[in-house]
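> from the sequence below, what's the structure:
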Amino acid sequence: MTDMKETSLTLGPVYYLWDAEKWRDFHFRIADEAPVDQVVIGETVCSKRQHFIEPHLAEVVERLESAGKTVILSTLALVTLNRESKQIREMAEVSEHLMEANDLSALAILKDKPHTIGPLVNVYNAPTARLLASRGATRICLPPELPFSSVKEITAELPDIDFEVFAFGRMPLAISARCAHARSKGKIKDNCQFVCGEDPDGLPVRTLDRQSFLALNGVQTVSHACQSLLSELDHLVEAGVRSFRLSPQDCDMVAVAKLHREVLDGTVDADAGVAKLRQLYAAAPLANGFHHAREGAVWVARTRSLQAAWPA
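Purely as a prediction, here's the structure:
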């Protein structure tokens, strides 16, 4: 059984298009102040955005590693062009850093080379996880829609594999070759003029009766609600989960990371942590429904989560 204080925090890649200086300064502050152990960097959603971060990539990596963080390079979640697959292949050949596979095409390139699996790869059962580990995966971040019952079963069957869960952030739900974000603003994907940069936390999507529903992020669709598993961290640790992923949102992610570390270390109560997290990220409601095999957008209170996790 994993001890709470033996767990680690991973900062996932920035899914949104932030301007180059904001992206650089964000990671500089993460390096200097955030109690995270691993940081995944690189463009994950749209290869057209890569030129925004490339000028600062080397200095960000150096700053993070100088601060003792492990740097993992992200791959694209949807590879559709030859130049995209070529870039992943070249990165795998020359990079000394671990790479994170977010698309099945990357798995073939990374076979027998140590790598990690991101939450965009559908790992829904132990046989899939076992297969990925046999091909070189050293850590697997399980998809955010996986209920606790499945997480518990997978980790129990494969105790030697390092599993991670998506503990904070708007949940990645889908990705498309077309860009609904650009279309919503009267653009097309080939001439999008990077309008997704106008929405650093995603473009809200509402139903016909004006209820908040989803958010668009370029070619990606994410949830309106923000997943938070602060109340469930102790159950997940007891189940053998060793790492927790924080997906960057347009808020104070250093404070978010410190809060998760405090809850894991037992210096802050989970309920108090949830209340504080709602203040830190007020742009969207918190949700943990997927964890409890419910609708992903709902919030299950701590008392009910205890009953759901450990039925009589």
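> and the longest helix seen in the chain, what other elements does it pack with?
Assignment by DSSP state H gives helix 50-66 as the longest helix of the chain. If contacts are counted by 3 or more Cβ pairs under 8 Å, 6 or more residues apart in numbering; DSSP states H and E, helix 50-66 sits against helix 20-33, strand 38-41, strand 70-74. (Glycine included, C-beta is placed from N, CA and C.)
> just the buried positions in that helix, please.
Neighbour counts using 16 or more other Cβ atoms under 10 Å place Phe52, Ile53, His56, Leu57, Val60, Val61, Arg63, Leu64 of helix 50-66 among the buried residues.
> residues making contact with that helix?
Residues outside helix 50-66 that contact it (Cβ atoms under 8 Å, 6 or more residues apart in numbering) are 17-20, 23-24, 27-28, 30-32, 39, 41-43, 71, 97.
> and the angle from it to helix 20-33?
Comparing the axes of helix 50-66 and helix 20-33 via axes from the mean of the first three to the mean of the last three Cα atoms, to 10 degrees yields an angle of 10 degrees.
> helices along the stretch 201-312 of the chain, start to end?
Applying DSSP state H, counting those that start in this stretch to the stretch 201-312 of the chain gives helices spanning 233-238, 253-265, 270-280, 302-309.
> so how far is the third one from its chain's centroid?
In terms of Cα atoms, centre = their mean, to the nearest Å, the gap separating the centre of helix 270-280 from the centre of its chain is 20 Å.
> circling back to that earlier point, same question for the longest helix of the chain, mean pLDDT?
In this model, helix 50-66 carries a mean pLDDT of 96.
> in the stretch 51-200 of the chain, which spans are helices?
Using DSSP H, counting those that start in this stretch, helices in the stretch 51-200 of the chain cover 82-94, 104-110, 126-134, 148-157, 180-184.
> give the buried residues for the last one.
Read that as helix 180-184. For helix 180-184, the buried set under the neighbour-count rule, 16+ other Cβ under 10 Å, comprises Ala180, His181, Ala182.
> next one: the fourth one
Under the neighbour-count criterion of 16+ other Cβ under 10 Å, helix 148-157 has Phe148, Ser150, Val151, Lys152, Ile154, Thr155 buried.
> what's Pro200 in contact with, if anything?
Tyr16, Leu17, Trp18, Lys22, Asp250.
> quick check, nearest of the residues you listed to Ala129?
Tyr16 (28.7 Å; Cβ to Cβ).
> so the closest one touches Gly202, yeah?
Yes. Tyr16 lies in contact with Gly202 (Cβ atoms under 8 Å); the separation is 6.6 Å.
> list residues touching both of these two?
Asn217.
> coming back round to it: out of the helices and strands packed on helix 50-66, which is the most enclosed?
The highest average neighbour count among the helices and strands packed on helix 50-66, using mean count of other Cβ atoms under 10 Å, belongs to strand 38-41 at a mean of 24.
> what helices or strands is it leaning on?
strand 8-11, helix 20-33, helix 50-66, strand 70-74.
> ok, 7 Å please
Under the contact definition 3 or more Cβ pairs under 7 Å, 6 or more residues apart in numbering; DSSP states H and E, strand 38-41 sits against strand 8-11, strand 70-74.
> show me what the last one is in contact with.
Residues external to strand 70-74 that are found in contact with it (Cβ atoms under 7 Å, 6 or more residues apart in numbering): 13, 37-42, 44, 61, 64-65, 91, 95, 97-100, 102, 116, 118.
> dump the helices of the stretch 201-312 of the chain into CSV; add mean pLDDT, distance to Thr128 and mean neighbour count as well.
As requested, these are exported to CSV (pLDDT from 0 to 100; distance: least, Cβ to Cβ, whole Å; neighbours: other Cβ atoms under 10 Å):
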stretch, mean pLDDT, distance to Thr128, mean neighbour count
helix 233-238, 96, 19, 19
helix 253-265, 98, 27, 21
helix 270-280, 97, 30, 16
helix 302-309, 51, 23, 15
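> want to try JSON lines for those, with distance to Ala133 as columns?
Below are those laid out as JSON lines (distance: least, Cβ to Cβ, whole Å):
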{"stretch": "helix 233-238", "distance to Ala133": "19"}
{"stretch": "helix 253-265", "distance to Ala133": "25"}
{"stretch": "helix 270-280", "distance to Ala133": "31"}
{"stretch": "helix 302-309", "distance to Ala133": "26"}
